[in-house]
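Novice: Generate coordinates for the sequence data below:
(one chain, ligands or ions: 1)
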Amino acid sequence: MKIIVTGGGTGGHIYPALSFIHYLRTVEPDVEVLYIGTEKGLEAKIVPDNGIRLETVDVQGFKRSLSPDNVKTVYKFLKSVKDAKKIIKSFAPDVVIGTGGYVAGPVVYAAAGLKIPTIIHEQNSIPGVTNKFLSRYVTRVALAFQEAGAFFPSAKTVFTGNPRAQEVADLVETGNVLSQYDLVANKKTVVIFGGSRGALKINTAVVEALPELAKKTYQILYASGEIYFNDDEFSETFAKYNQADNIKIVPYIKNMVEVLNDADLILSRAGATTLAEITALGLPSILVPSPYVTADHQTKNAEALQKAGASLMIKNDQLTGNAIISAIDSLLLDDKKYREMADNALREGTPDASVRLYKVVKEITVKTPSKGDANG
Ligand SMILES: CC(=O)N[C@H]1[C@@H](OP(=O)(O)OP(=O)(O)OC[C@H]2O[C@@H](n3ccc(=O)[nH]c3=O)[C@H](O)[C@@H]2O)O[C@H](CO)[C@@H](O)[C@@H]1O
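Specialist: You can find the predicted model right below:
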């Protein structure tokens, strides 16, 4: 099989795509994969790092208000559709899958125009603009939250979950990954991060909490986000608390699949891919939804887990150092509450998401024998 995958900008759109590619390579070892992204998105680094061929097109997002910049955006969209068509024709895929982010727009649109079977994967409970636009043209819409179905043509939707859930759930024990971070195996571990790019608000509150956290019996692995790690506002404090035995602060956690398998609790934004990971593992969490995303979709993502008893939610404007400490303590120092939350989280997970998505791919790529086929 030959497949083009496209999606990007942030990790939440890229990791599900990569997880599905990893899975495909296990079930169809001779699969040929091409990833189409942009030069500016995180995918430009992550995709080649994963040994996957990358081609790029140039796109930019629409501004919400009337802006002269939107003329440039339309021009770039049309140009990128043309460029994508050229790449698609030359690669000749059996299927094109888009996982969201601006770049998926022109690529999936171009593929649909060329009558190639197409799938979009929507990670969130409220879809982004790109996927809403594309849903008119694609063959199938794969969902990770049933609620998102309301925004798409119902005949095209199918619930698959998020492939990253399967990747974290399928991991075979890899030894004590925490020792790579100078942490120990026999302490409870809280992993803190603010989505794939880091979050200023979480960093500010964690910095407030660090003096107390350094005295705790549990340990903390904390990713600040690349852009904040060396920032004047934080770098000295990070260096100081990196000396504490139970705290490790890094810009980014590259081996998150392994780290999550060794974690006891997560404090993070409520990006959909993160939620798919923690539910697949049955990991309790404290979620601080970003208020800066389309239609406040992270709050909806977090509310779904909170309602299921799988997470605690702290609103962005209520996040302080003290709020962090009391939320962590309330879970790690109360075994019964912790176990309940872990069980509830596991019930929300879809650890077979790639199997489900693969089934959809097979359904829409089945070639009907033409009259000329020998056995047709
Ligand atoms: C600001 C923004 O637009 N955020 C959106 C973006 O989020 P964003 O990319 O931040 O969010 P997600 O939480 O969905 O995914 C983050 C991914 O990065 C990984 N990770 C994170 C930190 C780290 O140090 N190492 C690491 O590997 C996580 O394990 C996860 O796989 O896409 C998501 C999925 O469509 C949306 O739900 C989010 O609302």
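Novice: okay, CA-based contacts and neighbour counts for the rest of this
Specialist: Fine.
Novice: Dump stretch 253-265 to PDB, keeping only the CA atoms.
Specialist: Only the C-alpha atoms of stretch 253-265 are listed here, as PDB (Å, rounded to 0.1, in the frame of the first residue of the first chain):
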ATOM      1  CA  ILE A 253      10.200  15.100  26.800                       C
ATOM      2  CA  LYS A 254      11.200  13.300  23.600                       C
ATOM      3  CA  ASN A 255      10.300   9.800  24.800                       C
ATOM      4  CA  MET A 256       6.800  10.600  26.100                       C
ATOM      5  CA  VAL A 257       5.400   7.200  25.200                       C
ATOM      6  CA  GLU A 258       7.900   5.500  27.600                       C
ATOM      7  CA  VAL A 259       7.700   8.200  30.200                       C
ATOM      8  CA  LEU A 260       3.900   8.000  30.400                       C
ATOM      9  CA  ASN A 261       4.100   4.300  31.000                       C
ATOM     10  CA  ASP A 262       6.200   5.000  34.100                       C
ATOM     11  CA  ALA A 263       4.200   8.000  35.400                       C
ATOM     12  CA  ASP A 264       1.600   8.000  38.200                       C
ATOM     13  CA  LEU A 265       0.000  11.300  37.600                       C
END
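Novice: How about residues contacting that stretch?
Specialist: The contact list for stretch 253-265 (CA atoms under 8 Å, 6 or more residues apart in numbering) reads 167-168, 171, 174, 176-178, 188-191, 223, 278, 281, 283-286, 332.
Novice: Intersect these with the contacts of the ligand.
Specialist: Filtering the contacts of stretch 253-265 for proximity to the ligand (criterion: CA under 6 Å from any ligand atom) leaves residue 223.
Novice: from the contacts of stretch 253-265, which ones fall inside helices?
Specialist: Residues of those located in helices (DSSP state H): 167, 168, 278, 281, 332.
Novice: Please report which of the residues you listed has the highest neighbour count.
Specialist: Within the ones in helices among the contacts of stretch 253-265, most neighbours by other CA atoms under 10 Å means residue 278, with 27 neighbours.
Novice: What separation is there between that residue and residue 47?
Specialist: 23 Å (CA to CA, to the nearest Å).
Novice: One more: residue 126?
Specialist: 26 Å.
Novice: With residue 354 instead?
Specialist: The value you get for residue 354 to residue 47, if CA to CA is used, is 18 Å.
Novice: Check residue 153 too.
Specialist: 31 Å.
Novice: Under the pLDDT cut-off, which ranges of the stretch 1-150 of the chain? List them.
Specialist: 62-66 (pLDDT under 70).
Novice: Repeat that for the stretch 251-376 of the chain.
Specialist: In the stretch 251-376 of the chain, residues with pLDDT under 70: 368-376.
Novice: one step back: which of residue 153 and residue 47 has more neighbours?
Specialist: Higher neighbour count among residue 153 and residue 47: residue 47, with 21 against 13, using other CA under 10 Å.
Novice: can I assume the more buried one is in contact with residue 54?
Specialist: Yes - if you go by CA atoms under 8 Å, residue 47 and residue 54 touch, sitting 6.7 Å apart.
Novice: joint contacts of the two?
Specialist: residue 35.
Novice: residue boundaries of the strands in the stretch 51-200 of the chain?
Specialist: All strands of the stretch 51-200 of the chain, identified by DSSP state E, counting those that start in this stretch, fall at 53-56, 95-98, 118-122, 140-143, 157-159, 189-193.
Novice: Give me the packing partners of the first one, helices and strands only.
Specialist: For strand 53-56, the packing partners by 3 or more CA pairs under 8 Å, 6 or more residues apart in numbering; DSSP states H and E come out as strand 32-37, helix 43-49.
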